[in-house]
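What follows is a predicted structure for the sequence shown.
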Amino acid sequence: MGYCGMDKIINRNKNISNGTRKSIIFILLIIFLVFVGARIVFAYSFFGGVFGGRIISMPALEIAEMEAAGYICPLFGTSISIVPIGSPPGTPTSYFIPSYITPRTRTTPAIRQLILGRYSGQTMITCTLPSDPPITTTVSLDTINLFGTSRR
């Protein structure tokens, strides 16, 4: 007996002609390629987008503007703004990096470094202007869930 009963499978299907076998294999190959192609498309839309560029500001420009106007914006992580390089059109330029996300390259982000990564979802950052009554505004930044930076 063959490995895992392959003899039984082969012997059982001896009545199928070579042309029919080739047709079945061809159809299965087409179906496989369709699923692989669809999976790649869904992977980008499901996991978010990719980005790359040079860091131009820490904190992100939106957060820096709010803080310059007197707002207090507590962050539990880092915000950055980048100049996109080679990213698809419409890629955001300001991001939030949660404190629990560490760079794959083990170098901390700094201004003028190159950065490459993946983002998914958005983080709402609440900024408060201390006045009577306090004024709150929210800033929405895309959340980085995987990234790496250049050495310098």
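Great, that's in hand. Since the structure is predicted, the reported quantities are computational estimates derived from the model, not experimental observations.

check contacts around the residue most central in space within the chain.
Nearest to the geometric centre of the chain sits residue 118, at 2.8 Å (CA atoms, centre = their mean). With CB atoms under 8 Å, 6 or more residues apart in numbering as the criterion, the residues that contact residue 118 are 47-51, 144-147. Just so you know, the C-beta spots here come from the backbone N, C-alpha and C atoms, and that holds for glycine as well.

same thing but at 6 Å, please
Taking CB atoms under 6 Å, 6 or more residues apart in numbering as the criterion, residue 118 is in contact with 48, 50, 145-146.

cool, and residue 83?
Contact criterion CB under 6 Å, 6+ apart gives 53-54, 56 as the residues in contact with residue 83.

thinking again about what came up before, return the subset of the contacts of residue 118 lying in strands.
With strands defined by DSSP state E, the entries of the contacts of residue 118 inside them are 50, 145-146.

Rebuild the contacts of residue 118 as JSON lines, extending it with pLDDT, distance to residue 80 and neighbour count.
Output for those, formatted as JSON lines (pLDDT from 0 to 100; distance: CB to CB, whole Å; neighbours: other CB atoms under 10 Å):
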{"residue": "48", "pLDDT": "70", "distance to residue 80": "16", "neighbour count": "18"}
{"residue": "50", "pLDDT": "88", "distance to residue 80": "16", "neighbour count": "15"}
{"residue": "145", "pLDDT": "93", "distance to residue 80": "14", "neighbour count": "15"}
{"residue": "146", "pLDDT": "92", "distance to residue 80": "14", "neighbour count": "15"}
